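Engineer: predicted model and sequence below, questions to follow.
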Amino acid sequence: MAAPSSSHPRLTTPSLRTLALLAALTVASIVVHGYHPYVEDSEIYTPGIKQQLNPALYPQNNVFFASHAHLTLFPNLIAWSIRLTHLPLDWALLLWQFLCTFLLLLGCWKIGRLVFRDSLAPWGGASLVAALLTIPVAGTALYIADQYLTTRSISTATVLFIVLNAVQRRWIRASLWALFTALIHPLMVGFGVAYVVVLLWIDWRSTQPDRSPGYAALLPLGLFPPVTDAYRDVLNSRSYFFLLRWEWYEWVGIFAPLLLLAWFAALAKRQGLDLLRRMCQALIVFGLLFTAAGAAMTIPVRFANLAELQPMRAFHLLYVLLFVFAGGLLAQFVLQRYVWRWLALFLPLCAGMSYAQLQLYPASPHLELPCFAPRNPWVETFLWVRHNTPLDAYFALDPHYLQAPGEDQHGFRALAERSRLADAVKDSGAVTMFPKLAETWRDQVRAQAHWADFTADDFRALHSRFGVTWVVLEKPVPGLTCPYENSGLRVCEIP
């Protein structure tokens, strides 16, 4: 396959065979990495979808997910698709997970198709990304793609299409993708646009090497309120916000990719892959700029109110493109058309990634598909709550319930569809983005301190203070009526 001769390359439309192979690769990647629709950050994003479908849900204490929902069209988009297709929500979430992963791999394939001459190289890049979807991105607490649907599931793919169209100088398409991404994930679109700006600067410098542009930036500091004691407590629970708290191997996750990109740029120069060289150089500058921004925003104490910008999450895009380029180079120069080489690389890699995911959710099926009955006692309990308690029931759980053995990070709001008091694990993440919630969060979490020693009187105090009417417990408490009980949990009503 000949290299594009134009400095602004154009892509042909993928064939049906290509799309079918990418769909198969998508299914394989979901099988490798697992599917868990109601874990971790789904506790923030899924309730917003459910409330769009049924506004009567979550009448109390919904600010810990509604604050995110008000800044994005994500819950509206998913709810609209459910109304349009009449699919059950569980099947719609699975279909969206497939679609988002497919679009991500399609974007990887298209970028590989632009920057490499060899027809196998795009498949190497897409396959490597598919095999590494759940690899941690340095110390940012992000994967390339989650095992559940969030705003990042969509924005990861759409940011690639911003880059792809910008490289081809299709500015209207790039702008439309940027607008759509901004409506879904206002933070991640900034990283995609920033990379495009750096890439354009690299191109500009290559034509005018004796000139250097000047920059001026104004940061609207008024958007970031002063740090209160409550907000500082929340920030301190998120070590990944602060570079000086990263472990040594997380620092390796910053500089090792930059060194690899420098090597790739040198290889690309020798092989005449000019677009690959320029994109690698732009990624190096991009990574260094945001590392400097991360240090400037998180090391000085007086800038703690800027930590919510999370500049190091720019490495999410850097990692995706790094693996696209690494997989393409491996396919073109190492794997080539030897099937055994592809198997020797990808079978152990996929087995290792799958094993890691099995260890992460040991008490749950690897694929929590809608057609299978739940086997996790926490999930069974939350589903009983959904089907057997009033819509206005207000729950309290151990504020650290997400970290309980066997719970596997399954979200109560997302599964039970009921309101609850703030927890200490996931709701604190919402507070980092919305500091005005800090006092409310701390007040509710402190009220649930020493949960393991609570008596019926303590639960009645929660009822008097917050209006809580139900609790989920791991041990019996005299004085409470518990209409549901399984192997390890019970659902009790506060008299």
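Structural biologist: Arrived safely, thanks for sending.
Engineer: right, and the helix or strand after the longest helix anywhere in the chain?
Structural biologist: When the chain is parsed with DSSP state H, its longest helix is helix 89-115. Next along the chain after helix 89-115, taking DSSP states H and E as the criterion, comes helix 121-131.
Engineer: tell me the pLDDT of V252.
Structural biologist: V252 carries a pLDDT value of 87.
Engineer: distance of it relative to G124?
Structural biologist: Distance of V252 to G124, computed by C-beta to C-beta, to the nearest Å: 24 Å. Using the backbone N, CA and C atoms, a C-beta is placed for each residue, glycine as well.
Engineer: residues in contact with A145?
Structural biologist: By C-beta atoms under 8 Å, 6 or more residues apart in numbering, the contact set of A145 is 33, 100-101, 104, 133-134, 152-153, 156.
Engineer: mind redoing it with 6 Å?
Structural biologist: L133 (C-beta atoms under 6 Å, 6 or more residues apart in numbering).
Engineer: returning to that earlier point: more neighbours, V252 and G124?
Structural biologist: Applying other C-beta atoms under 10 Å to V252 and G124 shows that G124 carries more neighbours, namely 31 against 13.
Engineer: the stretch 351-495 of the chain: strands as residue ranges?
Structural biologist: Counting by DSSP state E, counting those that start in this stretch, the stretch 351-495 of the chain has strands at residues 394-396, 419-420, 470-473, 481-485, 490-493.
Engineer: W384 is nearest to which of those strands?
Structural biologist: strand 481-485 (5.0 Å; C-beta to C-beta).
Engineer: tell me what the closest one is packed against?
Structural biologist: Strand 481-485 sits against strand 490-493, with contacts defined as 3 or more C-beta pairs under 6 Å, 6 or more residues apart in numbering; DSSP states H and E.
Engineer: try it again with 10 Å
Structural biologist: helix 377-388, strand 470-473, strand 490-493 (3 or more C-beta pairs under 10 Å, 6 or more residues apart in numbering; DSSP states H and E).
Engineer: for the longest one, buried residues please.
Structural biologist: Buried residues in helix 377-388, counted by 16 or more other C-beta atoms under 10 Å: 378-385.
Engineer: quick one: those residues as JSON lines, columns for distance to R113 and pLDDT too.
Structural biologist: Shown next, in JSON lines, are those (distance: C-beta to C-beta, whole Å; pLDDT from 0 to 100):
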{"residue": "W378", "distance to R113": "44", "pLDDT": "96"}
{"residue": "V379", "distance to R113": "42", "pLDDT": "96"}
{"residue": "E380", "distance to R113": "47", "pLDDT": "96"}
{"residue": "T381", "distance to R113": "48", "pLDDT": "97"}
{"residue": "F382", "distance to R113": "44", "pLDDT": "97"}
{"residue": "L383", "distance to R113": "45", "pLDDT": "97"}
{"residue": "W384", "distance to R113": "50", "pLDDT": "97"}
{"residue": "V385", "distance to R113": "49", "pLDDT": "97"}
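Engineer: hmm, back to that, could you export the strands of the stretch 351-495 of the chain as a markdown table, including mean pLDDT and distance to Y195?
Structural biologist: Below are the strands of the stretch 351-495 of the chain laid out as a markdown table (pLDDT from 0 to 100; distance: least, C-beta to C-beta, whole Å):
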| stretch | mean pLDDT | distance to Y195 |
| --- | --- | --- |
| strand 394-396 | 96 | 43 |
| strand 419-420 | 96 | 39 |
| strand 470-473 | 96 | 44 |
| strand 481-485 | 94 | 51 |
| strand 490-493 | 95 | 48 |
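Engineer: looking at those strands, spot the one closest to H185.
Structural biologist: That would be strand 419-420 among these, by C-beta to C-beta, at 25.7 Å.
Engineer: what is that closest one packed up against?
Structural biologist: strand 394-396, helix 412-416, strand 470-473.
Engineer: is P14 in contact with L105, as I believe?
Structural biologist: No. Using C-beta atoms under 10 Å, P14 is not in contact with L105; the gap is 11.2 Å.
Engineer: what touches both of the two?
Structural biologist: The contact sets of P14 and L105 overlap at 21-22 (C-beta atoms under 10 Å, 6 or more residues apart in numbering).
Engineer: tell me which of those two has more neighbours.
Structural biologist: For P14 and L105, the more surrounded residue by other C-beta under 10 Å is L105, and the numbers stand at 25 against 16.
Engineer: state the distance from the closest residue to the more buried one other than its chain neighbours to L21.
Structural biologist: Leaving aside its sequence neighbours, L105 sits nearest to A126 (C-beta to C-beta, 6 or more residues apart in numbering; 4.8 Å). Relative to L21, A126 is positioned 9 Å away (C-beta to C-beta).
Engineer: so for those two, which residues contact both of them?
Structural biologist: What both A126 and L21 touch, as defined by C-beta under 10 Å, 6+ apart, is the set 105, 109.
Engineer: these two: who's more crowded?
Structural biologist: Ranked by neighbour count (other C-beta under 10 Å), A126 and L21 place A126 first, with 30 against 16.
Engineer: need the helix or strand of the protein with the lowest average pLDDT.
Structural biologist: Using mean pLDDT, DSSP states H and E, helix 229-236 stands out as the lowest-scoring helix or strand of the chain, at a mean of 52.
Engineer: after that helix, which helix or strand is next? Please name it.
Structural biologist: Toward the C-terminal end, the helix or strand that comes next after helix 229-236 (DSSP H and E) is helix 248-271.
Engineer: if I take that following helix and helix 89-115, what angle do their directions form?
Structural biologist: Orientation of helix 248-271 against helix 89-115 (axes from the mean of the first three to the mean of the last three C-alpha atoms, to 10 degrees) gives an angle of 40 degrees.
Engineer: past helix 248-271, which element shows up next along the chain?
Structural biologist: With elements assigned by DSSP H and E, the helix or strand that comes after helix 248-271 is helix 274-298.
Engineer: could you give me the average pLDDT of that next one?
Structural biologist: What helix 274-298 shows for mean pLDDT is 89.
Engineer: residue ranges with poor pLDDT in the stretch 301-450 of the chain?
Structural biologist: Filtered on pLDDT under 70, the stretch 301-450 of the chain yields the residue ranges 301-309.
Engineer: quick one: name whatever helix or strand follows the helix or strand hosting L22.
Structural biologist: Element membership for L22, per DSSP H and E: helix 16-33. Toward the C-terminus, helix 16-33 is succeeded by helix 42-53 as the next helix or strand (DSSP H and E).
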